[in-house]
Each structure stands twice: as structure tokens, then as C-alpha cells.
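Novice: Sequence first, predicted model second:
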Amino acid sequence: MPLTIFSDKVRFRYKSKNWQYRFDEIKELGLLKKKKKYFLENATFITVTAFAYYCMLFSNITDLHYVIPAVLCYALVVVLWSSDKAEFVYFIFVKDIYQNEIRTKIASKDRALVGKQIDYYLDLQFERSIQKTA
């Protein structure tokens, strides 16, 4: 379990990342979801298209011999686009009272477990704040 919640502190251990805070030190704890960027695939697509137009307009290649490599490159780009099923990248972040912010990338398969643990932490923090005011 990446997030371990004790009665007075919260400990996070995930792969090589470790941190630990007391309940009073944490200002905000949550999950971030960012959309993946496909810069490499888009740049490859633009490059292949530019090269195919260059061959089509400015070269003396006859019988459309540049089309076969272009189609193969487009097929490779499509395979790269569809190879990873995860559309989003997930981070767990914590902001503390000392103005520090920690972001740790987590695998999408662990998102549900970490989300449940964060919900449990928020419930505990809510209960603690009710006990303080009562």
C-alpha cells in the first residue's frame, strides 16, 4: 500500500519515493490527472508528411516510389499512438505548511488504490477537525 495512515502521521512509499508528514503539517493532499502529450508521434507524423510532399513536388522520383515508405512510416506512427492504452498520467501531490510541494508520478493501475487511501485520509482529517471544534 503506497499510502500508510497512522493516528498522527501519513507515510508515502512508492517505488523509490518516500515522504512522511504529521497530520498538522499537510495543507493539501490529492491526485492530479494530466492528459498525455504525444509530441514524438505528432512530430514524426509532420516530418513524414513534409518529406512525402517534398518528394511529390520537388524530386524526380518516378512511379510514386516515395509512397510505400511514407505509408509504412504512417503505419508506424499509428502503432505508436495506439500502443499505450493509458490516456492520462496520474500524480499524487502533497502541499505542506512550509510551502513545499511534492509530486510523485504513479502508475494508472495504482490510481484506484491511492484514490481510496486519499479518501480515507480526508475522512480522518475531517473527523479530526470536528473533534477539535467540538
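Specialist: Done, it's in.

Novice: Report the contact partners of the residue nearest the centre of the chain.
Specialist: In the chain, the C-alpha nearest the mean C-alpha coordinate belongs to Val89, at 1.7 Å (CA atoms, centre = their mean). By CB atoms under 8 Å, 6 or more residues apart in numbering, the residues touching Val89 are Lys33, Lys34, Lys35, Lys36, Lys105, Ser108. Glycine gets a C-beta too; all of them are placed from N, C-alpha and C.

Novice: Could you export the residues you listed as a markdown table, including secondary structure?
Specialist: A markdown table is the format used below for these (DSSP: H, G, I helix; E, B strand; the rest coil):
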| residue | secondary structure |
| --- | --- |
| Lys33 | strand |
| Lys34 | strand |
| Lys35 | strand |
| Lys36 | coil |
| Lys105 | strand |
| Ser108 | helix |
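
Novice: tell me which strands and helices the helix or strand that contains Val10 is in contact with?
Specialist: Under the criterion of DSSP states H and E, Val10 resides in strand 9-14. Here strand 9-14 touches strand 3-5, strand 17-22, strand 88-96, strand 101-106, going by 3 or more CB pairs under 8 Å, 6 or more residues apart in numbering; DSSP states H and E.

Novice: These into JSON lines, with extra columns for mean pLDDT and distance to Arg11?
Specialist: Converted to JSON lines, these look like this (pLDDT from 0 to 100; distance: least, CB to CB, whole Å):
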{"stretch": "strand 3-5", "mean pLDDT": "80", "distance to Arg11": "4"}
{"stretch": "strand 17-22", "mean pLDDT": "84", "distance to Arg11": "5"}
{"stretch": "strand 88-96", "mean pLDDT": "88", "distance to Arg11": "11"}
{"stretch": "strand 101-106", "mean pLDDT": "88", "distance to Arg11": "13"}
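
Novice: Glu28: which of those is closest?
Specialist: strand 88-96 (4.3 Å; CB to CB).

Novice: quick one: contacts for Gln20?
Specialist: Taking CB under 8 Å, 6+ apart, we find Gln20 in contact with Lys9, Val10, Arg11, Phe12.
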